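> sequence first, then the predicted structure, then my questions.
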Amino acid sequence: MFKPCCTVAVVCVTLSGTAFADIINVPGDYRTIQEAIDAAMDGDEVEVHPGTYFETIDFLGKAITVRSSNGPAVTIIDASGILCGGDGNSDCCVANGTPDCDDPECEANVCEINPACCLAWDELCAQIANKLCAVCSEKQGAVSCINGEGSTTILDGFTITGAICSGMYNNNTNPTVTNCTFSGNTAFGGGGMYNVSSSPTVTNCTFSGNTAFGGGGGGMYNDFSSPTVTNCTFDDNTASAGAGMFNFDTSSPAISHCQFINNTTSGNGAGGGMINSTNSSPTISDCTFSGNFGGGPGGGMGNGFGSSPIVTNCTFNNNTTAFSGGGIFNFTDCSPNVTNCIFTQNTATFLGGGIYNLLNSNPVVTNCSFSANSAIDAGGIYNLLNSSPMVSNCIFWDDSPAEIVDADGSISTVRYTDIQGGWTGAGSNNIDADPLF
């Protein structure tokens, strides 16, 4: 008689010493987000439920995820009235706090601006004091990563607003930021986000209505930092320079599928949408620069002092400058590569409606179209002081008053290009035929 044989394998799993990640709820387990962060361990997740949380937070170097349960529209970190440091120990003043500043010189300067502050200290006085501070306290920003945080430190799904020392401040860290909105924040530099020696990954975020009143970068300021920025929108930000984004001191972020719209620089500030300065050469692809205004050069983008970004598949539309370079301004040894881009309806008050190249700036412009751009001279490209771009496989049509102008030692080389009125300068194989846009 046949009998089935069953073999039973017994597997013993030892669980001692194994740590499991916790999910900490706010306000269920802790009243504030910071209290939850204080209690969290590496690998934990802080889940924040809808509400407005009047606080600033510091990740304290922890590899944790802080995320909202229902997204940024209903989950808000509001730092209104919480000035640099937020604890009264900074060199600035505390909103609605004691009548004296922490620093006597700060108090004297505020009283000089608004004598009423000598009699009664209020939040307005504190805001004035904050703007006078050259350096914020150690704990900066509505959200701070200043303790070596890496990519496993994650902020997901919040609106960050009301900060007076940047919406988010990263110093020597590389956190991950996704699905966040930075709006209504101010700072001397980097109203929405300020990165110092940091390269965060920023995805699906909006930087809107932020202000940098002195140092530039209304939306984002990068100092020796190269973040990866993807699917983000920078709109309606204001700054003294680089209203959408300011990249400084060898900052070369990777920026893709982003929109820079209706950003404005004040005074003579350069780079309405973006400025890249001092050997900063970002890689920019599939982006739109539209409706930006530069009080100084570069309505859409300004590049200065050895900065040569790679710009691919981008559109520069309806940007304006009160100076020169409606779409892009290149100043002093800047030679960006501009490929497969569209420049249309950009306006410069003086020179170069599409692009203005000044002082040894030699961009390579390939497979691009320039149409309906305008300036006093050279609606398409204006080159001055030994600036000699290489232009190939492009279309220049209906730019006013001329398509390409070279001056003071500049020599454009134009090849295989359709240019209205023809081209008699250096180059070959060009045509003059209506592109029938």
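Nice, I can see it. Numbering: from 1, shown residues only.
> how about the helices in this structure?
Taking DSSP state H, the helices of the chain run over residues 33-39, 104-113, 123-132.
> pLDDT weak spots in the stretch 1-150 of the chain?
Residues of the stretch 1-150 of the chain that meet the criterion pLDDT under 70 lie in 1-19, 81-139.
> so residue 162 touches residue 182, yeah?
No. Using Cβ atoms under 8 Å, residue 162 and residue 182 do not qualify as a contacting pair, with a distance of 10.8 Å. C-betas here are computed from N, CA, C, even on glycine.
> the nearest residue to residue 32 once chain neighbours are set aside and residue 193, how far apart?
Leaving out its chain neighbours, the residue that sits closest to residue 32 by Cβ to Cβ, 6 or more residues apart in numbering is residue 55, at 5.4 Å. The gap separating residue 55 from residue 193 is 18 Å, by Cβ to Cβ, to the nearest Å.
> is it true that residue 189 touches residue 217?
Yes. The criterion here is Cβ under 8 Å, and residue 189 meets it with residue 217 at 5.4 Å.
> okay, these two: which has more neighbours?
Legend: neighbour count by other Cβ atoms under 10 Å for residue 189 and residue 217, higher for residue 217 (35 against 22).
> that one: what's it in contact with?
By Cβ atoms under 8 Å, 6 or more residues apart in numbering, the contact set of residue 217 is 189, 190, 191, 194, 239, 241, 242, 243, 245, 246.
> and the spatially closest residue to residue 235 that is not a sequence neighbour, how far is that from residue 273?
Once flanking residues are discounted, residue 235 sits nearest to residue 261: 4.3 Å by Cβ to Cβ, 6+ apart. As defined by Cβ to Cβ, residue 261 lies at a distance of 8 Å from residue 273.
> ok, residue 148 next?
According to Cβ to Cβ, residue 148 and residue 273 sit 32 Å apart.
> on that earlier part again, more neighbours, residue 55 and residue 193?
Shown here are residue 55 and residue 193; by other Cβ under 10 Å, residue 193 has more neighbours (33 against 16).
> contacting residues for the more buried one?
166-170, 177, 182, 200, 202, 207, 219-221.
> give me the buried subset of the residues you listed.
Listed as buried from the contacts of residue 193 are 166-170, 177, 182, 200, 202, 207, 219-221; burial here means 16 or more other Cβ atoms under 10 Å.
> the residue nearest to residue 235 and residue 345, how far apart?
For residue 261 relative to residue 345 (Cβ to Cβ), the value is 14 Å.
> more crowded one of those two?
Just comparing residue 261 and residue 345: by other Cβ under 10 Å the higher neighbour count belongs to residue 261, 21 against 18.
> give me the pLDDT for that one.
Here the pLDDT value assigned to residue 261 is 98.
> again, but for the one 4 residues further on
The confidence metric pLDDT takes the value 97 at residue 265.
> OK, contacts around it?
238, 239, 240, 241, 242, 243, 271, 272, 293, 294, 295, 296.
> what about residue 73, how many neighbours?
Considering only other Cβ under 10 Å, residue 73 is surrounded by 11 other residues.
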